[in-house]
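Participant: need a structure here:
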Amino acid sequence: MNILTDLKKDIGIFVVEHRLNIVANYADYVYAMFMGKVIAKGSANDVLNNPTVIDAYLG
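Facilitator: This is a model prediction of the structure:
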């Protein structure tokens, strides 16, 4: 089993990652930031499909 999967059972983990497909596999809750501000938060699926996030990153 993956070390992140094992660790998150016992402790909270803060991960900074730009590849959202990786984050989606492990995160229960995601914050998306743009220009130093949180633009979306929630489940990985909700954040990945958020119109503000899509506009910010895919413009």
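
Participant: All the helices of the protein, residue numbers only.
Facilitator: 3-7, 20-26, 44-48, 51-58 (DSSP state H).

Participant: winner for burial among those?
Facilitator: Per residue and on average, the most neighbours among those fall to helix 44-48, with a mean of 16 (mean count of other C-beta atoms under 10 Å). In this view, the C-beta of every residue, glycine as well, is placed from N, C-alpha and C.

Participant: contact partners of it?
Facilitator: Residues outside helix 44-48 that contact it (C-beta atoms under 8 Å, 6 or more residues apart in numbering) are 20, 23, 24, 27, 30, 31, 32, 40, 41, 53.

Participant: Now the third one: closest residue in space, sequence neighbours ignored.
Facilitator: Pointing back at residue 24 there. residue 44 (3.9 Å; C-beta to C-beta, 6 or more residues apart in numbering).

Participant: Output the helices of the chain in TSV, with distance to residue 36 and mean pLDDT appended to each entry.
Facilitator: TSV is the format used below for the helices of the chain (distance: least, C-beta to C-beta, whole Å; pLDDT from 0 to 100):
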stretch	distance to residue 36	mean pLDDT
helix 3-7	26	77
helix 20-26	18	80
helix 44-48	17	91
helix 51-58	12	93
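
Participant: Including distance to residue 13, could the ones you listed go into JSON lines?
Facilitator: Formatted as JSON lines, those follow (distance: least, C-beta to C-beta, whole Å):
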{"stretch": "helix 3-7", "distance to residue 13": "6"}
{"stretch": "helix 20-26", "distance to residue 13": "8"}
{"stretch": "helix 44-48", "distance to residue 13": "14"}
{"stretch": "helix 51-58", "distance to residue 13": "21"}
